[in-house]
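Novice: Predicted model follows, preceded by the sequence.
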Amino acid sequence: AMGDLSVLDTSLPWDEMKVLSENISYIVTTLGLEGVDLALSSDLGEKGEDCRPGAPIIAFRTEPSVTLQLTNNQPFTGLFNTACPILQGDTVKNITRRLARMERNIKEGTPVSLYRWTDPVMGPRTMPDMKTPLAGLSQVMEKESFTINLEQNIVKLGELTLEAGLIFRVGQETAA
């Protein structure tokens with residue numbers, strides 16, 4: 001009897017790249033990754049020679065980061081301070097997604113807003129007022145990006161150095 005010759009195929013009956021591309025957000029979320037880069041084996045040079053249909057090459061890497069203190073100033077949330085790694089070029093979306101992975105009390109899909117002190121010197125030194133929790137804070141906008149300096153171990157938002165960290169709030173409210 002003649003065996004099935006499909007085991008000798010050099011391709012799959014489906015497009016692996018298309019399947020991975022369509023499911024990239026699931027892969028990132030499920031594996032708790034920052035992101036996924038997809039590449040064709042032909043684009044990988046020598047590394048791509050070990051790649052074959054149904055057996056992709058997976059390479060994990062780490063990116064340099066600077067830790068920033070994120071503080072939640074909402075009462076009764078069970079959220080307090082978190083040391084969060086900030087990567088070069090991070091946006092509010094990247095940081096809030098990372099924070100949600102690190103903090104069990106932040107449910108997936110819950111909106112998280114980031115705030116910085118309007119006065120970076122005196123702001124963190126003022127006594128908090130629970131009636132006006134956003135006083136002295138400015139919301140960090142989605143379009144702003146963070147830069148890091150590894151030698152000095154600092155995080156900047158534009159030209160502003162974030163020495164006192166950031167405030168995060170969970171829920172719909174925004175700064176007035």
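Specialist: That came through fine.

Novice: among the helices and strands of the protein, which has the poorest mean pLDDT?
Specialist: helix 24-31 (a mean of 86; mean pLDDT, DSSP states H and E).

Novice: Could you list the alpha-carbon positions for that one in PDB?
Specialist: C-alpha atoms of helix 24-31 as PDB (Å, rounded to 0.1, in the frame of the first residue of the first chain):
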ATOM      1  CA  ILE A  24      -1.000  38.100  17.700                       C
ATOM      2  CA  SER A  25      -2.900  39.900  20.500                       C
ATOM      3  CA  TYR A  26      -4.000  36.500  21.900                       C
ATOM      4  CA  ILE A  27      -0.400  35.200  21.900                       C
ATOM      5  CA  VAL A  28       0.900  38.400  23.600                       C
ATOM      6  CA  THR A  29      -1.800  38.400  26.200                       C
ATOM      7  CA  THR A  30      -1.800  34.700  26.900                       C
ATOM      8  CA  LEU A  31       2.000  34.400  27.200                       C
END
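
Novice: Following the chain past that helix, name the next helix or strand.
Specialist: As assigned by DSSP states H and E, the chain's next helix or strand after helix 24-31 is strand 65-72.

Novice: now for that following strand, which elements pack on it?
Specialist: In this structure, strand 65-72 makes packing contacts with strand 81-87, strand 146-149, strand 154-157, strand 166-170, judged by 3 or more CB pairs under 8 Å, 6 or more residues apart in numbering; DSSP states H and E. Any C-beta I mention is one placed from the backbone N, CA and C, and that applies to glycine too.

Novice: Good, wrapping up.
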